[in-house]
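# Whatever this is, show me its structure:
(one chain, ligands or ions: 1)
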Amino acid sequence: MNPRILIIGACGQIGSELTYKLRHIYGNENVIASDISYSNLDIVNSGIFEIVDAKDYASVKTCVEKFNIDTVYLMAAMLSATGEKYPMKAWDLNMTSLFNVLNLAKSKFIDKVFWPSSIAVFGPTTPVDYTPQYTIMEPTTVYGITKQVGERWCEYYYNKYNVDVRSLRYPGIISWKTLPGGGTTDYAVEIYHEALKNKSYECFLKEDTALPMMFMDDAIQATVDIMSAETDAIKIRSSYNVAAISFTPKAIAESIKKYIPEFEITYKPDYRQDIASSWPQTINDSYARQDWKWRHKFSLDDITNEMLLQLRKTYK
Ligand code: NAD
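Predicted coordinates:
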């Protein structure tokens, strides 16, 4: 039997593509998209869409009951760069929304929860190369703090209340359909837009800032895989490291130059450099690869090829 799915934050960068993918797999009628506003008309008009405020328990519960939902993907959050501007708002949204969904599962209104964590759970004292699953975690951004605390609560709800919650520590996600929503890795999306529009890009990170990244298709596949894995296969109930590739602004610029030789990049680091400098450069995701057979597909050049191909169509 197909799950009955509610996606909260479905208008965002990841939530939108997750909506399309889950509808393709489970059928339009089984996947309800929701967000706080009608900010993405493609999503609003593509199937059942509801206004849901993730911070309001009653709002989420009403939607869950109305559509007989058993599985919730909680994609609403305030991301790293925006969170530094509004720390208390980030704390409030990221924690309240998670508790609302975990408590719905604890009270048996729903059976299963997906909640994304992030590489932002790591901090400047974490080993930066091949960062292990279990290591020092002292995040210095409010966003990272909410994700790390969120992981602890997910594991707690699993241990104490048997809540089937599953989570991934996404790296920076690169996609062309929906623009990113205020993260530190947004440069790796903006750069492709600017390469096509202006043949140049001023990067807000230094040229040698290596960060873990992943193409959207890989991120969605990882999400589908962990959620469809047998319960016994999920051994980590905080959040799994998942990795694909890692690159610097200089390397992505070189990759773009293979397709647009006249492309030029300049560097003007801002406050986001401090955030990026506190994060790992590469991630060890061996538990995900072992437990539920995670494999990524897209290399940097694959991503560049696909981004330029798709964005060219969009700009035409
Ligand atoms: P996004 O900012 O693009 O989208 C978030 C969506 O949540 C928006 O559509 C917004 O309108 C909605 N929202 C905000 N407040 C809400 C509320 N009160 N109720 C309902 N909806 C609300 O974010 P994203 O990039 O799609 O990220 C999705 C999840 O993945 C987040 O938890 C984020 O922390 C995590 N993540 C993202 C990345 C990335 O590179 N994009 C990396 C690591 C982790």
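# how close does the residue nearest to the spatial centre of the chain get to the ligand?
The chain has residue 170 as the residue nearest its centroid, 5.2 Å off, counting by CA atoms, centre = their mean. Distance, residue 170 to the ligand, by CB to the nearest ligand atom, to the nearest Å: 4 Å. The way it works is simple: take the backbone N, C-alpha and C, and place the C-beta from them, glycine included.
# Okay, domains of this structure per the record?
Domain segmentation of the chain under automatic domain parsing yields 5-172+216-241, 173-213+244-315.
# Please enumerate the helices of the chain.
Here the chain has its helices, by DSSP state H, at 13-26, 41-44, 57-66, 80-85, 87-106, 142-161, 187-197, 216-228, 249-257, 271-277, 286-291, 300-315.
# Now do the fifth one, average pLDDT.
Looking at helix 87-106 alone, the average pLDDT works out to 98.
# Alpha carbons only: can I get that helix in PDB?
Once non-C-alpha atoms are left out, helix 87-106 reads as follows in PDB (Å, rounded to 0.1, in the frame of the first residue of the first chain):
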ATOM      1  CA  PRO A  87      19.000  33.800  15.500                       C
ATOM      2  CA  MET A  88      15.900  33.600  17.700                       C
ATOM      3  CA  LYS A  89      13.600  33.200  14.700                       C
ATOM      4  CA  ALA A  90      15.800  30.400  13.400                       C
ATOM      5  CA  TRP A  91      15.800  28.700  16.700                       C
ATOM      6  CA  ASP A  92      12.000  29.100  17.000                       C
ATOM      7  CA  LEU A  93      11.100  27.800  13.500                       C
ATOM      8  CA  ASN A  94      13.700  24.900  13.400                       C
ATOM      9  CA  MET A  95      12.900  23.600  16.900                       C
ATOM     10  CA  THR A  96       9.200  24.200  17.200                       C
ATOM     11  CA  SER A  97       8.500  22.600  13.800                       C
ATOM     12  CA  LEU A  98      10.500  19.500  14.700                       C
ATOM     13  CA  PHE A  99       8.800  19.100  18.000                       C
ATOM     14  CA  ASN A 100       5.400  19.400  16.400                       C
ATOM     15  CA  VAL A 101       6.100  16.600  14.000                       C
ATOM     16  CA  LEU A 102       7.900  14.400  16.500                       C
ATOM     17  CA  ASN A 103       5.000  14.800  18.900                       C
ATOM     18  CA  LEU A 104       2.400  13.900  16.200                       C
ATOM     19  CA  ALA A 105       4.400  10.700  15.700                       C
ATOM     20  CA  LYS A 106       4.700  10.100  19.500                       C
END
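# from what I can see residue 201 touches residue 267, true?
No: in this structure, residue 201 is not within contact of residue 267 by CB atoms under 8 Å, at 9.7 Å.
# more crowded one of those two?
residue 201 (23 against 17; other CB atoms under 10 Å).
# The more buried one bridge partners, please.
Beta-bridge partners for residue 201, by DSSP bridges, are residue 265.
# how far away is it from residue 181?
Applying CB to CB, to the nearest Å, the value for residue 201 to residue 181 is 19 Å.
# now swap in residue 211 and tell me
When residue 211 is compared with residue 181 (using CB to CB), they lie 17 Å apart.
# go on, residue 278?
20 Å.
# rewinding a little: compare the helices of the chain and give me the one nearest the ligand.
Go through the helices of the chain one by one with CB to the nearest ligand atom and the one that ends up closest to the ligand is helix 13-26, at 3.5 Å.
# counting contacts, what elements does that closest one pack onto?
strand 5-8, strand 31-35, helix 41-44, strand 71-74, helix 216-228 (3 or more CB pairs under 8 Å, 6 or more residues apart in numbering; DSSP states H and E).
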